[in-house]
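K.L.:
I'll drop the sequence and a predicted model, then ask my questions.
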Amino acid sequence: SQTIHQWPATLVQPVGSPLSLECTVEGTSNPNLYWYRQAAGRGLQLLFYSVGIGQISSEVPQNLSASRPQDRQFILSSKKLLLSDSGFYLCAWVDDTSGYTFGSGTRLTVV
Amino acid sequence: AQKVTQAQTEISVVEKEDVTLDCVYETRDTTYYLFWYKQPPSGELVFLIRRNSFDEQNEISGRYSWNFQKSTSSFNFTITASQVVDSAVYFCALSEGNTGANSKLTFGKGITLSVRP
């Protein structure tokens, strides 16, 4: 069966520190992968999506970047975190049955 | 550009009441998908339903039902005989075109539902 793993579950980082969030999927090949962010009290905003290894599309200009070094791995990074980067980050992939499947999320607090 | 509006921000009901969560969408595409997701306090998004733009038949799944009306661009969600476990944030979302490479989801801002015992 297809599963999606996302870690860490929670993270507290100081302003200016780097960030690396990892997402991996199992049970599928060449998935379309997505990173969404949910700011406090707001809906989900698409940050990046990838249709294959090394292919990244950015939806909004920001302090973050994404990479896809392997078919089933999607990484969200930042060189220097800002307070405004705080939020709940969700990785997702798409299948033909139900559409999106989301990971369990990472709650990032920048202090 | 596509847009999803969930005008209700917070709803509070007493257990066993019926509650309807509204969703209005905007899109220029004739082919699109509509979704509802539930986000319990733990944070993960739980898929509830996907409906394509060519299927206006209403759907019922247990205590959940969905009313899709293209004429009013609405995809409303009703919970019958609500329970405390239904307390969560509910998101309506839209994707244009086929569920494939460019199927980006646009989410509404969510509705916080509180069901009191």
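P.N.:
Yep, it's here. Residues are numbered from 1 along each chain as shown, chains lettered A, B, ... in the order given.
K.L.:
Count the neighbours of the closest residue to A:Gly27 other than its chain neighbours for me.
P.N.:
Excluding its sequence neighbours, the residue lying closest to A:Gly27 (CB to CB, 6 or more residues apart in numbering or on different chains) is A:Gln2, at 3.7 Å. Every C-beta, even on glycine, is put in place using the N, C-alpha and C of the backbone. The tally of other residues near A:Gln2 (other CB atoms under 10 Å in any protein chain shown) stands at 12.
K.L.:
For A:Gln2, give its distance to B:Gly43.
P.N.:
20 Å (CB to CB, to the nearest Å).
K.L.:
Let me see the mean pLDDT of the helix or strand containing A:Ala66.
P.N.:
A:Ala66 is located in strand A:65-70, with elements delineated by DSSP states H and E. Computed over strand A:65-70, the mean pLDDT rounds to 96.
K.L.:
Pull up the pairing partners for that strand, direction included.
P.N.:
Its sheet considered, strand A:65-70 pairs with strand A:73-78 (antiparallel) by DSSP bridges.
K.L.:
any idea how far the strand it pairs with is from the chain center?
P.N.:
6 Å (CA atoms, centre = their mean, to the nearest Å).
K.L.:
any idea of the mean pLDDT for it?
P.N.:
96.
K.L.:
Dump it to PDB, restricted to CA.
P.N.:
Extracted in PDB, the C-alpha atoms of strand A:73-78 (Å, rounded to 0.1, in the frame of the first residue of the first chain):
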ATOM      1  CA  GLN A  73      12.000  11.900  -1.600                       C
ATOM      2  CA  PHE A  74      11.000  15.600  -1.400                       C
ATOM      3  CA  ILE A  75      12.900  18.000   0.900                       C
ATOM      4  CA  LEU A  76      11.900  21.500   2.000                       C
ATOM      5  CA  SER A  77      14.800  23.700   3.100                       C
ATOM      6  CA  SER A  78      15.800  27.100   4.200                       C
END
